[in-house]
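J.: Give me a model of this one.
(2 chains)
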Amino acid sequence: MAGMIEVADLRVSFHGGSKAVHAVQGVSFSVAEGESFGIVGESGSGKSTVLKAIAGLVPSASAALTVNGRPAAQRRSKADRRQMQFVFQDPYASLHPRQTVDQILREPLAIHRIDRRDERIAAALAEVGLKPEHRFRYPHQLSGGQRQRVAIARALILRPPVLLLDEPTSALDVSVQAEILNLIVGLRKDNNLTMILVSHDLGVVAHLCSRIAIMQAGKLVEVLSAEDLRRGAAQADYTRKLVAASRGFNRAQPAI
Amino acid sequence: MKQSLTHWLMEDAPRSRRQAAMGSLYRGLLALVGNPPALVGLVIVTILVLIAIFAPFLDRGISPIAQDLGNRLAPPSAAHWFGTDELGRDIYSRTLYGSRVTLTIVGLVSVVVTPIGLAVGTLSGYLGGWVDSVLMRITDVFLAFPRLVLALAFAAALGPGIENAVIAISLTAWPPYARIARAETITIAKSDFIQAVVLQGASTWRILIRHIVPLCLSSVIVRLTLDMAGIILTAAGLGFLGLGAQPPTAEWGAMVSAGRDVILDQWWVATIPGVAIFLVSLGFNLLGDGLRDVFDPKDAS
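T.: Next comes the predicted model:
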């Protein structure tokens, strides 16, 4: 059976011509239904670009790009859009500054002409752990963690089978990060979501994802299970370096 | 009751959409009132609107077009507070009714200019590419002409009259609004919250009207209030040259023009409407400055 998300030979370039930057150079992977897939890499490795290309936010070329069996072409219909939703990195930039939480959550329902909006908004708020009193506040009246909860509620209110997360916790406080990560784990289980999580934090990805892709300089280095990553059973040199780097400064190891 | 209303407006956790909207409106009003120059502007503009509405009750029973040739160019007195003009008409009454013409022109120009500027600017900024090039070159063409001269040419071609003055002023006033809206749109269009609506499947029209226009609106409104003075002066200029409101309608610019011949001997004929133009322009300018402070997102806490 084909996976929920199939990506074959995905390429993304910015600025055409001689100054072209090949941000993603032939990345292929497949994500099964209900699986959570992680992509890690250092800054500039093209991991966020892969996610944005799948979402259709950046123009891309690929041999095949399908989501839930539908080809994710450049021009997507409303129904295609409903297949997946995106959670952005910075909750301070991803919510409309002049709209209340209620308006922000109402918008996707209005676009897709879904009924019982008031009920659904109340349910979505409860689902992400926000209180009814937050409903008519503006984003600037909320904390970073609360804003990210609103962004997650907005993504899930359409009940998409696929959720794409672009470093959902990196703009947040360490104490809030754990809350948001646990929220995502719970929501994924409850909704049987297929999920792609992009992060530079190996710990976060290993905690949330069953399979992990390592990217470097626009290419996929390897794909391995979280179990293998934890055991240190990485094949590629680069992965081992990345794991070592993520453990931080180690007193036992002498400096080279 | 007053206490609970303020509390209701300022509540941190509003319970309905209406309460949230009223609360943010109230906070804006508080900020505006807390700014003395803006308050002065607001008071002047409010008085202007009240005078325009209640002119028939304030004119002391003297018609602005009633002539009394036996009593022409009379100095200010108890009977005629601001004196009379060259046809013996009461200047106080004419100044009152002149506010109606001024407000009509200002109102109509804003109603015409704001949608045109917003439509051209947001479309141009959001769609980019050839749409942007075409719309911006058209804007450049209109910007290239000196404003008053273009308004004069239009008013002369269309014929004198208030409606044509409004059309002439609007045709010359919209390009700066398109530029402002375009600049704002370009910054907003790249932001994550617009990308999020794109991913939800919203149409281009929906994004423009519901998400981008509301954010451009504040700077356009600020620009509009700051421009009001210029619009009033252009209207007065057209009236002065005989291309605006036609006699016997009382119009401040035309009144100044009529008083020009006698400015040394009968100063009040030209001075009173001139002071009115000055005060109203100043009022709109101060209000515009205040609104800019209120709407400035950098100050929003």
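
J.: contacts and neighbour counts: CA atoms only from here.
T.: Fine.

J.: Tell me the secondary structure at the residue nearest to residue B:120 when sequence neighbours are not counted.
T.: Leaving aside its sequence neighbours, residue B:120 sits nearest to residue B:178 (Cα to Cα, 6 or more residues apart in numbering or on different chains; 5.6 Å). State at residue B:178, reduced to three classes by DSSP: H, G, I helix; E, B strand; the rest coil: helix.

J.: what does the one 5 residues further on give?
T.: Following three-state DSSP, the label given to residue B:183 is helix.

J.: wouldn't the residue nearest to residue B:120 be in contact with residue B:125 here?
T.: No - if you go by Cα atoms under 8 Å, residue B:178 and residue B:125 don't touch, sitting 9.4 Å apart.

J.: For the closest residue in space to residue A:60 that isn't next to it in sequence, which three-state class applies?
T.: Nearest non-adjacent residue to residue A:60, counting by Cα to Cα, 6+ apart: residue A:12, 4.8 Å away. Using three-state DSSP, the structure places residue A:12 in strand.

J.: Residue A:56 is in contact with residue A:12, correct?
T.: No - under the criterion of Cα under 8 Å, residue A:12 makes no contact with residue A:56, lying 11.3 Å away.

J.: Which one's more surrounded, those two?
T.: residue A:12 (21 against 18; other Cα atoms under 10 Å in any protein chain shown).

J.: So what pairs up with the residue nearest to residue A:60 in the strands?
T.: residue A:24 (DSSP bridges).

J.: can you list the residues of the stretch 51-200 of chain A near chain B?
T.: Where the stretch 51-200 of chain A comes near chain B, counting by Cα under 8 Å from any Cα of the partner chain, the residues are A:55, A:57, A:77-79, A:81-82, A:85-86, A:88, A:93-96, A:98, A:100, A:102, A:108, A:111-112, A:133-137, A:140.

J.: I'd like the list of these that fall within helices, please.
T.: Counting by DSSP state H, the part of those found in helices is A:55, A:78, A:79, A:81, A:82, A:102, A:108, A:111.

J.: Please, a PyMOL command that selects the buried ones among the residues you listed?
T.: The PyMOL selection below is limited to those of these classed as buried (16 or more other Cα atoms under 10 Å in any protein chain shown):
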select buried, chain A and resi 55+78+81+82+102+108
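
J.: Dump the ones in helices among the residues of the stretch 51-200 of chain A next to chain B into CSV; add pLDDT as well.
T.: Converted to CSV, these look like this (pLDDT from 0 to 100):
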residue, pLDDT
A:55, 87
A:78, 84
A:79, 82
A:81, 86
A:82, 87
A:102, 91
A:108, 92
A:111, 91
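
J.: what's the most distant pair in the ones in helices among the residues of the stretch 51-200 of chain A next to chain B?
T.: A:55 and A:102 (24.6 Å; Cα to Cα).

J.: Look up the pLDDT of residue A:67 for me, please.
T.: pLDDT, residue A:67: 82.

J.: Please apply the same query to residue B:183.
T.: For residue B:183, the model assigns a pLDDT of 93.

J.: where do the helices sit along chain A?
T.: Going by DSSP H, chain A shows helices at A:47-55, A:78-83, A:101-111, A:117-127, A:144-156, A:174-191, A:202-208, A:226-231, A:237-247.

J.: Residue 178: neighbour count?
T.: No chain was given, so I picked chain A. Using other Cα under 10 Å: residue A:178 sits among 14 other residues.

J.: actually it's chain B I care about, not the one you picked
T.: Residue B:178: 28 neighbours (other Cα under 10 Å).

J.: residues contacting it?
T.: B:116, B:117, B:118, B:119, B:120, B:121, B:122, B:139 (Cα atoms under 8 Å, 6 or more residues apart in numbering or on different chains).

J.: Give me the distance between it and chain A.
T.: Noted for residue B:178: a distance of 21 Å to chain A, by Cα to the nearest Cα, to the nearest Å.

J.: For residue B:285, see how far away that residue is.
T.: Look at residue B:178 and residue B:285: by Cα to Cα, to the nearest Å, they are 21 Å apart.

J.: Stretch B:141-155: end-to-end distance?
T.: Span of stretch B:141-155 from end to end, Cα to Cα: 18 Å.

J.: How about residues contacting that stretch?
T.: B:164-165, B:168-169, B:171-173, B:175-176, B:234, B:238, B:243-244.

J.: Mark which of the residues you listed are part of helices, please.
T.: Among the contacts of stretch B:141-155, the members that lie in helices (by DSSP H) are B:164, B:165, B:168, B:169, B:171, B:172, B:173, B:175, B:176, B:234, B:238.

J.: Could I get those in TSV, plus columns for neighbour count?
T.: Converted to TSV, the ones in helices among the contacts of stretch B:141-155 look like this (neighbours: other Cα atoms under 10 Å in any protein chain shown):
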residue	neighbour count
B:164	20
B:165	28
B:168	26
B:169	30
B:171	19
B:172	21
B:173	26
B:175	24
B:176	20
B:234	22
B:238	26
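
J.: If we only consider these, which is nearest to residue B:11?
T.: Among the ones in helices among the contacts of stretch B:141-155, residue B:176 lies closest to residue B:11 (Cα to Cα), at 38.4 Å.

J.: Please tell me how far that closest one sits from chain A.
T.: In terms of Cα to the nearest Cα, residue B:176 sits 24 Å off from chain A.

J.: now do residue B:139
T.: 28 Å.

J.: in which helix or strand would I find that residue?
T.: Following DSSP states H and E, one finds residue B:139 within helix B:129-144.

J.: and after that helix, which helix or strand comes next?
T.: helix B:147-158.

J.: tell me the angle that next one makes with helix B:129-144.
T.: 90 degrees (axes from the mean of the first three to the mean of the last three Cα atoms, to 10 degrees).

J.: Centroid-nearest residue for chain B?
T.: Residue closest to the average C-alpha location in chain B (Cα atoms, centre = their mean): residue B:228, at 3.8 Å.

J.: so who does residue B:101 touch?
T.: B:245, B:250, B:251.

J.: contacting residues for the spatially closest residue to residue B:89 that is not a sequence neighbour?
T.: Excluding the flanking residues, the one nearest residue B:89 by Cα to Cα, 6+ apart is residue B:67, at 5.0 Å. Applying Cα under 8 Å, 6+ apart to residue B:67 gives the contacts B:87, B:88, B:89.
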